[in-house]
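> The following block contains a protein sequence and its predicted model.
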Amino acid sequence: MTSPHPGSVRGPFADLAEHLAGLRRSARLSQRGLAAAAAVSRGTVQRAESGTAAPSTAVLDALVRACGGERAARDRAHVLRTRGRTELRGRLPALQAPAPALVHTAQDLGAALAAEYERAGAPPLTALVRPAAGRTPIPRTTAWRIVRRKGLPASAEQLQTLLDVCRVSRPAQRHYREAFGRVLAARGRRSAPPRHTPRRPPAAAQSRGTGTDKITPWFRDLMDTMSPKDIETALTVGTAYLIANEAHRNGSVPPRSLERVMQIAGDLFVEANRLKTGPGPDFTFSDLKGGTIVVEAKSTSRLLGPDGRVTGPRAGELPHRAVAALEMAGGRQADRGRAP
């Protein structure tokens, strides 16, 4: 093995590398011979003895076993590997976790459990998700939140699994179980937040519905003077005008769901032109002040441009695609007809 330069900085796995190299020399094996005995590549042996990387736990056990190491040598190798991974990650000092006997709050418990995970060399989450037989598995999301100090185990059984995987000592496990019980008791004593009661709109608004609140007071007063049939007719004509004009402006066709409205509006236009020989009011209403409100509905085969001017004739488009022009004269007096 190439020894590190005296002035070089020791890596996190330098102690493990020296331990493995010592076991190999004691067994009088070359790196090639150790690789063959452990059924690994020679590069794996070289990386392990140089300290550039730590072998997996399975490879580490194979190397120690091939060197004829006893259980004490294997345990020593695992301890050095764990220390190296903890040093390599460098997260333990920032946690500032209290000792197990001093854990009282959920924040303290979360920091202490995350610290135990780091001291254990950050074992793979698979060891928590699929633990050994007899242990309660921890969902991967829950395990991730625990090691990231963002959550706690959901039960005492999950806590025990975490402590066993991280190889926490029995005395320390007792302190963690007691702290976990205190945290659960504190959560149970916490009062539940008040239930949110949604505010209800005033009774007047409920009775009016959601449509009439969009109508201005002037039009609401106008509708009070109209019969239901006149209101339906005016809405049909106005709806047909808006939809047809918007469809022409966008170069599209009105939706099929509005074909019935367009058909009724077209029939109204044809009927109005058939009965009347000249311009004149189609609907005449009296306002609250005694004046007259006149609504004229005209059908035309000429389309209107965006500026309101006639763009030209379009033959054969009546009545289905007729453009309705509504002219409303509010408050006109006797020159257009006065209410009796």
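Here it is on my side, so go on. Residues are numbered from 1 along each chain as shown.
> Residue ranges in the stretch 101-250 of the chain under the pLDDT threshold?
189-215, 218-219, 221, 240-241, 244-250 (pLDDT under 70).
> how does it look with 90?
For the stretch 101-250 of the chain, the stretches with pLDDT under 90 are 101-104, 132-134, 182-250.
> Which stretches in it count as strands?
With DSSP state E, counting those that start in this stretch, there are no strands along the stretch 101-250 of the chain.
> residue ranges for the helices of it, please.
106-119, 126-129, 140-147, 156-165, 170-189, 203-208, 217-224, 228-250 (DSSP state H, counting those that start in this stretch).
> For the second one, which helices and strands make contact with it?
It refers to helix 126-129. helix 140-147, helix 156-165 (3 or more Cβ pairs under 8 Å, 6 or more residues apart in numbering; DSSP states H and E). C-beta here means a position set from N, CA and C on the backbone, and glycine is covered the same way.
> returning to that earlier point: and of the helices of the stretch 101-250 of the chain, who's closest to G51?
Between G51 and the helices of the stretch 101-250 of the chain, the shortest gap by Cβ to Cβ is with helix 106-119, which sits at 20.2 Å.
> Outline the domain layout of the chain.
What the record gives for the chain is the domain set 14-88, 92-187, 214-336, from automatic domain parsing.
> List the contacts of the nearest residue to E118 once chain neighbours are set aside.
Of all residues not flanking E118 in the chain, L92 sits nearest, at 4.5 Å (Cβ to Cβ, 6 or more residues apart in numbering). L92 makes contact with T86, A115, E118, R119 under the criterion Cβ atoms under 8 Å, 6 or more residues apart in numbering.
> do that again at 10 Å, thanks
Contact analysis of L92 by Cβ atoms under 10 Å, 6 or more residues apart in numbering lists T86, A114, A115, E116, Y117, E118, R119, A122.
> Distance to S169 and neighbour count for these - can I get that in a markdown table?
Conversion of the contacts of L92 to a markdown table gives the following (distance: Cβ to Cβ, whole Å; neighbours: other Cβ atoms under 10 Å):
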| residue | distance to S169 | neighbour count |
| --- | --- | --- |
| T86 | 17 | 19 |
| A114 | 17 | 20 |
| A115 | 14 | 23 |
| E116 | 10 | 24 |
| Y117 | 15 | 26 |
| E118 | 16 | 21 |
| R119 | 11 | 17 |
| A122 | 19 | 17 |
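> circling back: how confident was the prediction at the residue nearest to E118?
On pLDDT, L92 comes in at 86.
> again with D282
Looking at D282, its pLDDT stands at 52.
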